[in-house]
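> pasting a predicted model and its sequence here:
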Amino acid sequence: MTETKHSQLVDSVRRDILKLIQEHNLAPGARLVERKLGEELKVSRSPIRKALQALEAEGTVERSPQGGIVVSEVPAELPPHPGAADENEVYYKLAEERLNGQLPDRITENFLLRHYDLTRTELTELLRRISNEGWIERLPGYGWEFQPMLDTVTVYQDSYRFRLTLEPAAILEPSFVVNREKLLKCREEQQRLVDGGIWEASNAELFDSNSALHETIMNCSNNTFFSDALQKVDKLRRLIEYRKSLPRDRALARCKEHLAIIDLLLDGKLETASTYMREHLSSVSLEKTSDQEAATDAP
């Protein structure tokens, strides 16, 4: 490891220890054990020891008369990490690089730490987020594996043709029962977007809000096969949706259509809602796949 990389690792570990002191509310006198810190931060004892030496020089930790290192002063706030980017910026950069084929199917945490200049804590939060979204899974040990996703225009179009068959039909299932509580919650979220939230929402937030509505409607069918199928498609299409989300004025129009579908369902007008759902998906499919084709054909 070069001197520069070693210094970056030690600084990253130093910040992680500071964050652990804060998060665990460790009071002055609390003992810090190198081995336990290494296990929690998944690094060897050498950078742990050097990070503790740096913290000792700063006065945050000190050597106990009984031996070992203890907390001396609880930091009021973490110092800024000069190399770290905004959390969402790193998230979208990772998503874009994965979609572009710049990242392998399997990856190590040490590579991610260096590549995105993250602290261990920041990386843990990032991996937790994308793991919860279903596009990466932990391997035995410290490695991770990216899950399959939609990464071509043709397959993306196929996903919409599948949804056009599935979602309108689900509303007409004999077992379909309107879940008023959950639909009203979705309506509140869609109304928030229509009332101006659409202009501030990130691509990820917009995707989550809209996919949650469609999955809620699908769950009303009380057909496990329908619900599972849509959830799987949503996981597969998440990253390509980030790449080319609709312009916000067009996304606003689609959120208004969501409100109309919800109101039809709440009024018990299932056949009309099914027809409207088909029209809605057809319009969105045409807009998004034509945009994807334009992006692909662009020089």
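Okay, I see it.

> switch to C-alpha atoms for all contacts and neighbour counts from now on
Fine.

> break this structure down into its structural domains.
3-71, 87-146, 153-297 (automatic domain parsing).

> what's the end-to-end length of the second one?
Right, domain 87-146. The first and final residues of domain 87-146 sit 19 Å from each other (CA to CA, to the nearest Å).

> can you give me the strands in the stretch 51-200 of the chain?
61-63, 69-71, 106-108, 136-138, 143-146 (DSSP state E, counting those that start in this stretch).

> name the residues that touch the longest one?
The reference is to strand 143-146. Residues outside strand 143-146 that contact it (CA atoms under 8 Å, 6 or more residues apart in numbering) are 105-109, 135-139.

> least confident of the domains of the chain, on average?
Here the domains of the chain differ in mean pLDDT, and the lowest is domain 3-71 at a mean of 83.

> so how far is that one from its chain's centroid?
Mean-position distance between domain 3-71 and its chain equals 29 Å (CA atoms, centre = their mean, to the nearest Å).

> export the domains of the chain to CSV and append columns for mean neighbour count.
What follows is the domains of the chain, written out as CSV (neighbours: other CA atoms under 10 Å):
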stretch, mean neighbour count
domain 3-71, 16
domain 87-146, 15
domain 153-297, 17
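
> how far off centre is stretch 105-113?
Using CA atoms, centre = their mean, the offset of stretch 105-113 from its chain centre is 17 Å.

> please report how far Val90 lies from Tyr142.
With CA to CA as the criterion, Val90 and Tyr142 are 20 Å apart.

> thinking again about what came up before, nearest to Ser64 among the contacts of strand 143-146?
Using CA to CA, Glu109 is the member of the contacts of strand 143-146 that sits closest to Ser64, with 33.2 Å.

> residues contacting the closest one?
Glu109 touches 123, 142-144, counting by CA under 8 Å, 6+ apart.

> just give me the closest of the contacts of strand 143-146 to Asp158.
Closest approach to Asp158 among the contacts of strand 143-146 (CA to CA): Trp135, at 19.5 Å.

> what distance do you get for the closest one to Leu166?
23 Å.

> understood, closing this out.
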